[in-house]
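Enquirer: the amino acid sequence is not available; the structure is as follows:
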């Protein structure tokens, strides 16, 4: 009973923190939609889409291994390993940008006005890798209040940055640089906490230990990087496809749906899964089963999501027009179409942490390949038929079926049958 109470308490701490952090971004969105055009949002969200697809590679997904070692010094060495991987890959991306700027700028931003955005990608990736690693360190330490505070700081930084920079007529750069303000602030906060907590562990960092841990947890980059790249591509590439085959403006309208709905889903899911991973991992290792934790989490997710998504499905278009302005009405229509897939995704995402706990990463890879294929189908439909609505309906049906598979299979592996 005490374990269940602690689990619920920690979920509540992270959920409330994620809610506050995301609420700040949602509350400023009606303001931002009156400061920036759909096209400017489109460029910003295409930039984030590119970052999102590359992100898994810059950590090697070793951030998911930080909670696993039995001793602290191994966790510290994994964080150093992630810092090395992210720096090397970011330098490699810089080399590509310098050697082939024309090809990359045409691929991502077919405009001289935005080609300098490419140079912001590498530092953004390094910040992501470090922030993700330091948050996982706090998960390991059970410091959920600090995780909550960090996410609120990030959201405040983004909000103030994007609104403030809009006054300088920077167009999409205002949104992007404002986003960077939030990333820098959360890094400063997390780094100071981390350095305070590892004073006696700095001297345990060694090349031999880093290499040994990289080999021990090699399944994360071996299976999980590709899996997560497929997963991220399945979520982010629709914006790129819409920008390429329809228009940047339509990409911005779709992107607002992602910002208001999909991004909160991801953040809240991440907050809940941070607690689930620690509790379920302990029970799975000690008793061979974490089914009760899984069922409890499923119930929490279902209760949290069912009413909001019913409201979205019925009144989405009118709500978006009222809150964000009539110029953004189609974003609400897109949200209504996507609501069923978003609903089941909200439930499925935290539960899929079972693939890491049970070390079944290859099955997670299979599911993400299916999600990636569904995105390619979406892109091909847009390219051939140029119908956004039909493509979104098809996309929703396929994704709903895939997420049902995720829930079914992740439930099956909650007991270690070996």
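Expert: On my side now, so go ahead. Owing to the predicted nature of the structure, the values given are computational and were not obtained by experimental measurement. Numbering: from 1, shown residues only.

Enquirer: how near is residue 250 to residue 330?
Expert: Residue 250 sits 8 Å away from residue 330, going by C-beta to C-beta, to the nearest Å. Quick note: C-beta positions are derived from backbone N, CA and C, even for glycine.

Enquirer: now the helices for the stretch 251-400 of the chain?
Expert: In the stretch 251-400 of the chain, the helices defined using DSSP state H, counting those that start in this stretch lie at 263-287, 291-324, 329-351, 354-357, 361-385, 388-412.

Enquirer: among those helices, which is nearest residue 170?
Expert: Smallest distance to residue 170 across these (C-beta to C-beta): 20.9 Å, for helix 291-324.

Enquirer: and that closest one, what does it pack against?
Expert: Judged by 3 or more C-beta pairs under 8 Å, 6 or more residues apart in numbering; DSSP states H and E, helix 291-324 is in contact with helix 2-35, helix 263-287, helix 329-351, helix 388-412.

Enquirer: so which bits of the next helix-or-strand element following the longest one are buried?
Expert: When you say that, I think you mean helix 2-35. Counting by DSSP states H and E, the next helix or strand C-terminal to helix 2-35 is helix 38-59. If you call a residue buried by 16 or more other C-beta atoms under 10 Å, then helix 38-59 has these buried ones: 38-59.

Enquirer: ditto for stretch 377-393
Expert: In stretch 377-393, counting by 16+ other C-beta under 10 Å, buried: 378-379, 381-382, 388, 391-392.

Enquirer: separation between residue 56 and residue 410?
Expert: Taking C-beta to C-beta, one finds residue 56 at 19 Å from residue 410.

Enquirer: in the chain, what helix or strand scores lowest on average pLDDT?
Expert: Every helix and strand of the chain was ranked by mean pLDDT, DSSP states H and E. The lowest is helix 101-108, at a mean of 60.

Enquirer: what sits closest to residue 164 if chain neighbours are left out?
Expert: Counting by C-beta to C-beta, 6 or more residues apart in numbering, residue 164 lies nearest to residue 178, which is 7.2 Å off, once chain neighbours are set aside.

Enquirer: for the one you found, helix, strand, or coil?
Expert: helix (DSSP: H, G, I helix; E, B strand; the rest coil).

Enquirer: and for residue 99, the neighbour number?
Expert: When neighbours are counted by other C-beta atoms under 10 Å, residue 99 registers 9.

Enquirer: quick one: low-confidence parts of this protein?
Expert: Where the chain drops to pLDDT under 70, the residues are 1-9, 11-12, 14-19, 101-114, 263-264, 266-268, 270-271, 418.

Enquirer: which one of the helices of the stretch 251-400 of the chain is the most hemmed in?
Expert: helix 354-357 (a mean of 24; mean count of other C-beta atoms under 10 Å).

Enquirer: which residues sit against that helix?
Expert: 64, 224, 277, 280-281, 284, 290, 294, 360-361, 363-364, 410-411, 413-414 (C-beta atoms under 8 Å, 6 or more residues apart in numbering).

Enquirer: swap in stretch 276-289?
Expert: With C-beta under 8 Å, 6+ apart as the criterion, stretch 276-289 contacts 3, 6-7, 10-11, 67-68, 139-140, 142, 290, 292-294, 297, 350, 353-354, 356-358, 414-416.

Enquirer: how does it look with 6 Å?
Expert: With contacts defined as C-beta atoms under 6 Å, 6 or more residues apart in numbering, stretch 276-289 is touched by 7, 290, 293, 297, 350, 353, 357, 415-416.

Enquirer: looking at those residues, which is nearest residue 72?
Expert: For those, the nearest to residue 72 is residue 357 (20.5 Å; C-beta to C-beta).

Enquirer: circling back to that earlier point, can I get the helices and strands packed on helix 291-324 in CSV with distance to residue 201?
Expert: Output for the helices and strands packed on helix 291-324, formatted as CSV (distance: least, C-beta to C-beta, whole Å):
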stretch, distance to residue 201
helix 2-35, 24
helix 263-287, 20
helix 329-351, 30
helix 388-412, 34
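
Enquirer: closest one to residue 257 among these?
Expert: The nearest among the helices and strands packed on helix 291-324, by C-beta to C-beta, is helix 329-351 at 4.7 Å.

Enquirer: packing partners of the closest one?
Expert: helix 248-257, helix 263-287, helix 291-324, helix 388-412 (3 or more C-beta pairs under 6 Å, 6 or more residues apart in numbering; DSSP states H and E).

Enquirer: so how far is the first one from its chain's centroid?
Expert: Remark: helix 248-257 is offset 18 Å from the chain centroid, using C-alpha atoms, centre = their mean, to the nearest Å.

Enquirer: show me the contact partners of that helix.
Expert: Under C-beta under 6 Å, 6+ apart, the answer for helix 248-257 is 38-39, 41-42, 45, 239, 242-243, 328, 330-331, 334-335.

Enquirer: biggest separation within those, which pair?
Expert: Maximum pairwise distance in the contacts of helix 248-257, criterion C-beta to C-beta, is 19.7 Å, between 39 and 335.

Enquirer: hmm, back to that, could you save the helices and strands packed on helix 329-351 as TSV and add columns showing distance to residue 191?
Expert: Shown next, in TSV, are these (distance: least, C-beta to C-beta, whole Å):
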stretch	distance to residue 191
helix 248-257	30
helix 263-287	19
helix 291-324	31
helix 388-412	34
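
Enquirer: right, and the ones you listed - which one's nearest residue 368?
Expert: That would be helix 388-412 among the helices and strands packed on helix 329-351, by C-beta to C-beta, at 9.2 Å.

Enquirer: which strands and helices sit next to the closest one?
Expert: Packing partners of helix 388-412 (3+ C-beta pairs under 6 Å, 6+ apart): helix 329-351, helix 361-385.

Enquirer: which among those is found nearest to residue 228?
Expert: Among the helices and strands packed on helix 388-412, helix 361-385 sits nearest to residue 228 (C-beta to C-beta), with 7.0 Å.

Enquirer: okay, the nearest residue to residue 118 once chain neighbours are set aside and residue 373: tell me how far apart.
Expert: Once flanking residues are discounted, residue 118 sits nearest to residue 97: 4.9 Å by C-beta to C-beta, 6+ apart. Taking C-beta to C-beta as the measure, residue 97 falls 30 Å from residue 373.

Enquirer: alright, I will stop here.
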